[in-house]
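A.B. asks: no letters, just coordinates:
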């Protein structure tokens, strides 16, 4: 009897052992996860500005503008034993109204209409062939739609990530097709990361001149190309289509210094060629003549940046950013930002922030009516002038950890002011769904 | 003067890098906080967008450097 009991007991242990081993063997085999939605990001923004230096008016005029922006991004993840695949699909739509755009089809009150440079031989009546630009309404209403798609593949063993992306943008006078390639290498302990990204945009702009500068509609494009112009014949009989190409290589290195401090260094090298001026921007000369803005057909830009984030105690975080920018148009700029998230609770933080920006003017800018005849390049666009700007605001960040739907919610307000007079308010709502 | 600025910048960076310690994964509760991320916040997206149009400088922030829009 005792022998039988022992035998049964031993058999039971034996079968139990092998049974468990089989289960373990099955569990130890990695099962690839199916493609799933990791998160959905929704960002909505409202922007409004005021100013008195409209570039369409040659540096004078109402700059009132409002813009409502909505974007949605879906992030999909798929894991295998060796790779993590990520697909980001996004689309954004902007809707804006602008008081100054009415001046494209209307001569500003009291402004001279004698044409500078003699390319156009006669003053003309307003052309009505432009879609989206109306002369009758007091404000111009415009749309911009810009979808994008990015794919990343991360090698989990080597800690390297390869990425590829495509971009598209469409406005009433502007179309862009772009792409990017990226590479990221992280250290094995994930304390350091180096990335490089190459981007290229192949854009086209419709040359919509101010009404008094347009050629007479004879059905023939009689504009003569200069030797250094690279134009693409297109559009309709009244408006030419110009190319604008942008290329950049962006480097970034980030390092965790200690458990509370991490920094990153950023450097971009960018080159643009093609039509870099905005055709409907006016420029007035000292001899009471008017022309369309004219800028060089090439531009090289180099921004260098640094971020430093530090967690002080249990409550305060210091997020700092500095950038130095220079280009071959004579612009030098310094930008510095400080944001201090205050962790009110583990789930809520309130972040006041302040940003200061200083830039010198480019070599071709002069205010209204101060350009001399004979200058090769000329602009009265105050975005390219010398000014200081300040941006101050508050960001509320909420992490609803117990929610099964929301990952995070942000409300952000900022007030922007330039030393030459332009001011703006910006309100953003961002929500991430699980 | 420019060479002095470059020297101090490189000196600062080298001091930072030399003082790096190897931080284990279980010690990263502070650096992994959502407010400590080194990238631009999603809620700052629309702000960065209008700054591309309103200022001549751009880039070195993980975003675009001109192109892709009718901006500077």
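C.D. replies: Thanks, I have it. Since this is a predicted model, take the numbers as computed values, not measurements.
A.B. asks: so how far is residue A:379 from residue A:362?
C.D. replies: Separation of residue A:362 from residue A:379 (C-beta to C-beta, to the nearest Å) stands at 7 Å. Bear in mind the C-beta positions are built from the backbone N, C-alpha and C, glycine included.
A.B. asks: which residue lies farthest from the center of chain B?
C.D. replies: What lies farthest from the middle of chain B is residue B:26; by C-alpha atoms, centre = their mean that is 25.2 Å.
A.B. asks: ok, now which ones touch it?
C.D. replies: Applying C-beta atoms under 8 Å, 6 or more residues apart in numbering or on different chains to residue B:26 gives no contacts.
A.B. asks: for my notes, confirm it occurs in a helix.
C.D. replies: Yes. Membership of residue B:26 in a helix is supported by DSSP: H, G, I helix; E, B strand; the rest coil.
A.B. asks: the closest residue to residue A:75 other than its chain neighbours: neighbouring residues, count only.
C.D. replies: Distances taken as C-beta to C-beta, 6 or more residues apart in numbering or on different chains place residue A:38 nearest to residue A:75, at 4.6 Å, with adjacent residues excluded. Residues lying near residue A:38 (other C-beta atoms under 10 Å in any protein chain shown) number 15.
A.B. asks: note down every partner strand of the helix or strand hosting residue A:38 and its orientation.
C.D. replies: Using DSSP states H and E, residue A:38 sits within strand A:36-50. The pairing partners recorded for strand A:36-50 under DSSP bridges are strand A:65-79 (antiparallel), strand A:423-433 (antiparallel).
A.B. asks: what segments of chain B are helices?
C.D. replies: B:2-18, B:45-54 (DSSP state H).
A.B. asks: mean pLDDT lowest where, among those?
C.D. replies: Looking at those, the lowest mean pLDDT belongs to helix B:2-18 (a mean of 65).
A.B. asks: quick one: contacts for residue A:357?
C.D. replies: Per C-beta under 8 Å, 6+ apart, neighbours of residue A:357: A:333-336, A:388-391, B:55, B:57.
A.B. asks: what subset of those is buried?
C.D. replies: Burial by neighbour count, 16 or more other C-beta atoms under 10 Å in any protein chain shown: within these this picks out A:333, A:335, A:389, A:391, B:55, B:57.
A.B. asks: nearest to residue A:171, of those residues?
C.D. replies: The closest of the buried ones among the contacts of residue A:357 to residue A:171 turns out to be residue B:55 (C-beta to C-beta; 19.3 Å).
A.B. asks: my guess is that closest one contacts residue A:383. True?
C.D. replies: Yes. Here residue B:55 reaches residue A:383: they are 6.6 Å apart, a contact under C-beta atoms under 8 Å.
A.B. asks: residues contacting the residue in chain B positioned nearest to chain A?
C.D. replies: For chain B, the residue closest to chain A is residue B:67, as judged by C-beta to the nearest C-beta, at 2.5 Å. Shown in contact with residue B:67 (C-beta under 8 Å, 6+ apart): A:176, A:178, A:199-201, A:203, A:244-248, A:270, A:272.
A.B. asks: tabulate these (TSV), appending neighbour count and distance to residue A:424.
C.D. replies: Output for the contacts of residue B:67, formatted as TSV (neighbours: other C-beta atoms under 10 Å in any protein chain shown; distance: C-beta to C-beta, whole Å):
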residue	neighbour count	distance to residue A:424
A:176	21	24
A:178	22	27
A:199	23	27
A:200	16	30
A:201	23	25
A:203	23	25
A:244	22	25
A:245	16	30
A:246	25	25
A:247	17	30
A:248	23	26
A:270	23	25
A:272	24	25
